[in-house]
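Enquirer: coords below, sequence missing:
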């Protein structure tokens, strides 16, 4: 299994999600977060803008998920990461 440093450095959220789904007793919030980040890396930004998930994540872990309020700005901000991840494949 990849460590958190590898996941965040290389944006392998999809791979991490597939791996974690094979594990037993994984918290739903963790699965939701990885799904969200995998979608975000593919420039599907609508799941990121889920205020309910943002609040749940903050309350459960103290981790504050940031996104741009304007969907176009969010997509533009994620484009370089998506491109970088695809070039590393």
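Expert: Nice, thanks for sending it over. This structure is a prediction, so every number in the text was calculated from the model and none was measured. Numbering: from 1, shown residues only.

Enquirer: Every contact and neighbour count from this point should use C-alpha atoms.
Expert: Fine.

Enquirer: Next, work out how far apart residue 36 and residue 78 are.
Expert: According to CA to CA, to the nearest Å, residue 36 and residue 78 sit 13 Å apart.

Enquirer: quick one: which of those two has more around it?
Expert: residue 36 (22 against 18; other CA atoms under 10 Å).

Enquirer: which intervals of this protein have sub-threshold pLDDT?
Expert: Within the chain, the stretches with pLDDT under 70 are 1-11, 85, 89.

Enquirer: Backbone torsions only: list them for the residue most central in space within it.
Expert: Centroid check for the chain by CA atoms, centre = their mean gives residue 37 as the closest residue, at 1.3 Å. As for residue 37, its main-chain torsions (degrees, to the nearest 10) stand at phi -70, psi -40.

Enquirer: How about the lengthiest helix in the chain, which residues are buried there?
Expert: Counting residues, the longest helix in the chain under DSSP state H turns out to be helix 71-88. Applying a neighbour-count criterion of 16 or more other CA atoms under 10 Å, one finds 74, 75, 78, 79, 81, 82, 85 buried in helix 71-88.

Enquirer: export those residues to CSV and tack on distance to residue 12?
Expert: Shown next, in CSV, are the buried residues of helix 71-88 (distance: CA to CA, whole Å):
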residue, distance to residue 12
74, 19
75, 18
78, 14
79, 15
81, 11
82, 10
85, 8
